[in-house]
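Colleague: Next input, structure requested:
(3 chains)
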Amino acid sequence: MKVGLFVTCLVDLMRPSIGFASLKLLESAGYEVVVPAAQTCCGQPGYNSGDRNAAQILAKKMLREFAGCDYIVVPSGSCGGMIRAHYPELLAEFPEMTQEVDSIARKTYELTDFLVNVARIDSVPGQFSGSVTYHDSCSGLREMNVKTQPRALLSKVAGLNIREMQQPEQCCGFGGTFAVKYGEISARITDLKCEDVQSAQADALVLGDLGCMLNIEGRMRRRGDNKTRVLHVAEVLAGMTDPVQDLDRRTAG
Amino acid sequence: MSARDNILRRIREANGHEGATGAKERETILARLDARVRGPMPTMDWETLPRFRERCIAMMSTIDEAGSFAEVPRAVASYLKQKNLPTSGACWPEFARLDWAGAGLRVEARPSHGEDKLGITGAFCALAENGTLMLLSGEDTHATTSLLPENHVAIVAASRIVRTMEDAWDLLRSERASLPRQVNFVSGPSRTADIEMTLVLGAHGPFRVHVIVVDA
Amino acid sequence: MQVTSNQFKHAASLKLADPKVQKALRNAKGKLVVARSRSIVELDNFEEIREAAARIRDFGLQHMDVLLEEWEKKAAAAGTIVHWAETPQQVNDLVIGIARKHEVRKIIKSKSMLGEETNLNHALEAAGLDVRETDLGEYIIQQFGETPSHIIAPAVHKSMDDIADLFAEKHGRPRLDDIASLTHEAREILRPHFLDADMGISGANFLVAETGSTMIVTNEGNGRMTTTMPRVHVAITGIEKIVPTLEDISLLLRLLTRSATGQSISNYLSFTTGPKRPGDKDGPGEFHVIIVDAGRTKVLASEIREALRCIRCGACMNHCPVYQNIGGHAYGWVYPGPIGSILTPAYVGIENAIDLPNASTLCNQCGVVCPVKIPLPDLMRKLREEQVQKNLRPWPERLGLRLWAWTAARPAVYGLLTGIAARIGKWLGGRERLLHKLPAAGSEWTSGRDFPAPRGKTFRELYAQHRSRGTQ
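Modeller: Residues are numbered from 1 along each chain as shown, chains lettered A, B, ... in the order given. From the prediction side, this is the model:
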């Protein structure tokens, strides 16, 4: 079965390790993984800003690139949700594409959801000695039904224990362009999330979306917390959490 | 064109119709009104009377029982004495012939005008689901009696306790040709949480609601 | 109410910095969110009921004209005098006209958000009438000379101390210091007005087509008094409040009270059908209902028509992370939170409330709790699209998005630019791997947060190397 990996624009620019971790997990599960070389962005920034044309151009591009795959796997609830939940509406003006769009939407999975419900893996390569707390990204939770899957996979990681925060489902305040349009409100919402993360007293915060990750980590460091690690679930499951880089930060002073 | 005409026209256009609604469509819509289909309701695997009792208390009413209407004045007197409440007030005409004086109470069958501290009413029926009284306006069912005094005592026959609001509407339809001026569903003492989201009993309506279920 | 929605960002900033507002918001959130979730448990088929509620509201919107005509027929048969108003001005004029005709001097009011839309109190006072809000929260803000900050709990932004000071000043009595006493003092002060008011004005939560009734959902008792004691009663309500049957109302009520305050039922549900009947000892001699458009037909014809399903429970704002931190006043008009972000531009003009549909993370906590399944984030997105079509977005934003789309559609150019950005970003981030300041729009981010640095190379270039090396 051919799996197309869509790493997302944020992963491509900011954290390639998440892409490689996803690749490792999918290949370990026995899939042939293709990574269309021309992939860039799913179109969500334009879509959420009201620029339908811009979003449609990128959506059509994406459909072309991933047409031959049996599944499309995305290490992000946000971009996965864009494709599955919103592409049908976004491209509704092109009825000749309806079948193609519906097909792509049905084939698109968030990474942990794919690993649990399609690949049905029963072990993961990663190890982690310590506790983690998990933040449910809004789109992953409410558009892609991601809730139990990351936790089920994390509990297979040797040495890891999960400590829930009080409100893991509460929005972190990122909201894409919201964070740069209404930065003050956004930072306040993020601040509350940081307090909640702190209350879990875990060694690491783990998430499934890089947008939330950059947002929460950014506020966390500004608050003076240089101890709590912030990791993507793919990195933890694949055992690719790069202790060297995190150690650098903690001793940077 | 009147405001009415303009508004109705714009509604029709917004819904993709041109001109007045056809007779057939109108018939379908009116049929839905007549059908009065009940929507999905939650599972309600409780017994009616115990549920009514439990919910009255949950909604901050107090509740008592009487074996017959004749026993009601003494039950009311006992409640008022226990709570140290005034023993005179107004009642609905249907209770005029109960022996209030014999129970040491001064109760007059008249509407309440605002000076009364006690109002005694019946109810058209009661709803077990949430501990609710259904009061209908009418010649002998004065609205002010259950509203103005600080203390409201409601006398309800056990046979008039139905399960849900839907059941109450069916009962009303079977006994009355149409709705009275006002139907009030009353579930406990008046309350507000407008100050710091803190619940206070006794806003503009009664501070206390005491329900007496009569075995009848 | 005056529209100040275009001052949203500045107003929000003030609220974020106000410790009293923040304390009140935390208190309210804790109570309302928890109360709702506890009460929903009582409905074991909550999602099924919610779906049915959405269908009931859609039926009402789809067949609004026939249902309103049927309602009017039944209402008139019971003696109700029915008026129709297209604009806010017409509403106020009608009410004043009724008041004049009946030589009304004193008016008592039970809550009406539609009355806030039309600035009714202001118009009545300008016409020389004495208007008293009787709902405790509305009374408090009327005394403060403020506007409501929440559709269910209008004075939620005020502390007990604020109110104690206010009452001591306005009532001329010794200052009280507990909530129960303050509430009972308000009861005492307002009671005489219930007894001698000439006219009562109320809103209506719903219109019942089957019976020609209006109904209100209250807890305090002022709603019953306002609609029963004065000699004239006027109810004002929007066209979209029409519901087919009493059964439909019963279903909606199960969701409304739980969604709003976590109550299984509110204290008083009052269904009014016409004025005093022969033989009644109480009730108004005349009952008027004003059916109001004021922008609703325009919404009905638009892509955001689902917003008209709203039953005014307030659950969306209670669960909204933005509202939870800034409160209602920052939204600048009658309806705050997610529903307000949609209705405000719809009713006052999209150019007068530019920020509102944009000031959302689209998290959909609101949509999940909406008892009638309004797809709130989708409607906000529709308004964002309308802003783009009408050229209302700032040009740097339009340009930035166009550049992004242009570049992302050209993988080679994109790869070049992202490669440069990743390298520069890593360099600027230094050993800490954090950027403390970003330029242009990025400064909105870095004023409150650091930005984790990129890793120096893009995934696409690393993957290409990985492929060419043939390594696993």
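
Colleague: quick one, domains of chain C?
Modeller: C:5-158+C:198-297, C:395-471 (automatic domain parsing).

Colleague: So which residues of chain B form helices?
Modeller: Listed in chain order, the helices of chain B (DSSP state H) span B:3-14, B:23-35, B:48-58, B:72-82, B:165-175.

Colleague: Tell me the helix or strand right after the longest helix along chain A.
Modeller: For chain A, the longest helix by residue count, based on DSSP H, is helix A:183-200. On the C-terminal side of helix A:183-200, the closest following helix or strand by DSSP states H and E is strand A:204-207.

Colleague: Could you list the low-pLDDT ranges of the chain?
Modeller: Using chain A here. For chain A, the stretches flagged by pLDDT under 70 are A:243-253.

Colleague: could you do chain C instead?
Modeller: For chain C, the stretches with pLDDT under 70 are C:470-472.

Colleague: That one: strands as residue ranges?
Modeller: With DSSP state E as the definition, chain C shows strands at residue ranges C:81-85, C:106-109, C:130-133, C:199-202, C:206-208, C:213-218, C:232-238, C:242-243, C:268-272, C:286-292, C:434-435, C:451-452.

Colleague: Tell me which of these is the most buried.
Modeller: Counting by mean count of other Cβ atoms under 10 Å in any protein chain shown, strand C:199-202 has the highest mean neighbour count of these, with a mean of 28. (Each C-beta comes from the backbone N, C-alpha and C, glycine too.)

Colleague: Neighbouring strands - and their directions - for that strand?
Modeller: Take DSSP bridges as the rule and strand C:199-202 pairs in its sheet with strand C:106-109 (parallel), strand C:232-238 (parallel).

Colleague: Now do the contacts for residue A:241.
Modeller: A:126, A:128, A:229, A:231, A:235 (Cβ atoms under 8 Å, 6 or more residues apart in numbering or on different chains).

Colleague: That one sits in which helix or strand?
Modeller: Applying DSSP H and E, one finds residue A:241 in no helix or strand.

Colleague: Relative to residue A:19, how far out is it?
Modeller: Residue A:241 is 15 Å from residue A:19, where distance means Cβ to Cβ, to the nearest Å.

Colleague: can you check residue C:312 too?
Modeller: 47 Å.

Colleague: more neighbours, the two?
Modeller: Between residue C:312 and residue A:19, residue A:19 has the larger neighbour count (other Cβ atoms under 10 Å in any protein chain shown), namely 24 against 18.

Colleague: so the more buried one is in which element?
Modeller: Using DSSP H and E, residue A:19 sits in helix A:16-28.

Colleague: mind giving me JSON lines with the helices of chain B and columns for mean pLDDT, mean neighbour count and distance to chain C?
Modeller: JSON lines is the format used below for the helices of chain B (pLDDT from 0 to 100; neighbours: other Cβ atoms under 10 Å in any protein chain shown; distance: least, Cβ to the nearest Cβ, whole Å):
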{"stretch": "helix B:3-14", "mean pLDDT": "97", "mean neighbour count": "18", "distance to chain C": "4"}
{"stretch": "helix B:23-35", "mean pLDDT": "94", "mean neighbour count": "13", "distance to chain C": "5"}
{"stretch": "helix B:48-58", "mean pLDDT": "98", "mean neighbour count": "18", "distance to chain C": "8"}
{"stretch": "helix B:72-82", "mean pLDDT": "98", "mean neighbour count": "18", "distance to chain C": "20"}
{"stretch": "helix B:165-175", "mean pLDDT": "98", "mean neighbour count": "17", "distance to chain C": "4"}
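
Colleague: Okay, helices next: where are they in the stretch 201-350 of chain C?
Modeller: C:222-226, C:246-261, C:296-300, C:315-319, C:321-326, C:337-348 (DSSP state H, counting those that start in this stretch).

Colleague: quick one: contacts for residue A:202?
Modeller: Applying Cβ under 8 Å, 6+ apart, we find residue A:202 in contact with A:130, A:131, A:132, A:133, A:163, A:228.

Colleague: Likewise for residue C:33?
Modeller: Contacts of residue C:33 (Cβ under 8 Å, 6+ apart): C:318, C:319.

Colleague: ok, so what distance separates it from residue C:417?
Modeller: 44 Å.

Colleague: before we move on, back to that, briefly note if the helix holding residue A:19 comes near chain C.
Modeller: Yes. Counting by Cβ under 8 Å from any Cβ of the partner chain, chain C is contacted by helix A:16-28 at A:16, A:17, A:19, A:20, A:27.

Colleague: Of the residues you listed, which is the nearest to residue C:83?
Modeller: For the residues of helix A:16-28 next to chain C, the residue nearest residue C:83 by Cβ to Cβ is residue A:19; the value is 64.6 Å.

Colleague: ok, the next helix or strand after the helix holding residue A:19: who's next to it in the sheet?
Modeller: Downstream of helix A:16-28, the first helix or strand assigned by DSSP H and E is strand A:32-34. Here strand A:32-34 has these sheet partners by DSSP bridges: strand A:2-5 (parallel).

Colleague: buried sites along the partner strand?
Modeller: Of all the residues in strand A:2-5, those buried under the rule 16 or more other Cβ atoms under 10 Å in any protein chain shown are A:3, A:4, A:5.

Colleague: What of stretch C:379-399?
Modeller: Neighbour counts over stretch C:379-399 (16+ other Cβ under 10 Å) mark C:379-388, C:393, C:397-398 as buried.

Colleague: pull the CA atoms of that stretch into PDB?
Modeller: Written as PDB, here are the backbone C-alpha positions of stretch C:379-399 (Å, rounded to 0.1, in the frame of the first residue of the first chain):
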ATOM      1  CA  LEU C 379     -19.700  31.400   9.300                       C
ATOM      2  CA  MET C 380     -16.800  33.500  10.500                       C
ATOM      3  CA  ARG C 381     -14.700  32.300   7.600                       C
ATOM      4  CA  LYS C 382     -17.500  33.300   5.200                       C
ATOM      5  CA  LEU C 383     -17.400  36.800   6.700                       C
ATOM      6  CA  ARG C 384     -13.600  36.800   6.200                       C
ATOM      7  CA  GLU C 385     -14.200  35.900   2.600                       C
ATOM      8  CA  GLU C 386     -16.700  38.700   2.200                       C
ATOM      9  CA  GLN C 387     -14.100  41.100   3.600                       C
ATOM     10  CA  VAL C 388     -11.600  40.000   1.000                       C
ATOM     11  CA  GLN C 389     -14.100  40.300  -1.800                       C
ATOM     12  CA  LYS C 390     -15.100  43.800  -0.600                       C
ATOM     13  CA  ASN C 391     -11.400  44.900  -0.300                       C
ATOM     14  CA  LEU C 392     -11.700  45.500   3.400                       C
ATOM     15  CA  ARG C 393      -8.400  43.800   4.300                       C
ATOM     16  CA  PRO C 394      -5.200  45.900   4.900                       C
ATOM     17  CA  TRP C 395      -3.100  45.800   1.700                       C
ATOM     18  CA  PRO C 396       0.000  44.400   3.400                       C
ATOM     19  CA  GLU C 397      -2.100  41.300   4.400                       C
ATOM     20  CA  ARG C 398      -3.500  40.900   0.900                       C
ATOM     21  CA  LEU C 399      -0.100  41.200  -0.600                       C
END
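
Colleague: Can you show me the helices along the stretch 51-200 of chain A?
Modeller: For the stretch 51-200 of chain A, the helices defined by DSSP H, counting those that start in this stretch cover A:52-65, A:77-81, A:87-90, A:98-107, A:111-117, A:138-144, A:148-154, A:178-181, A:183-200.
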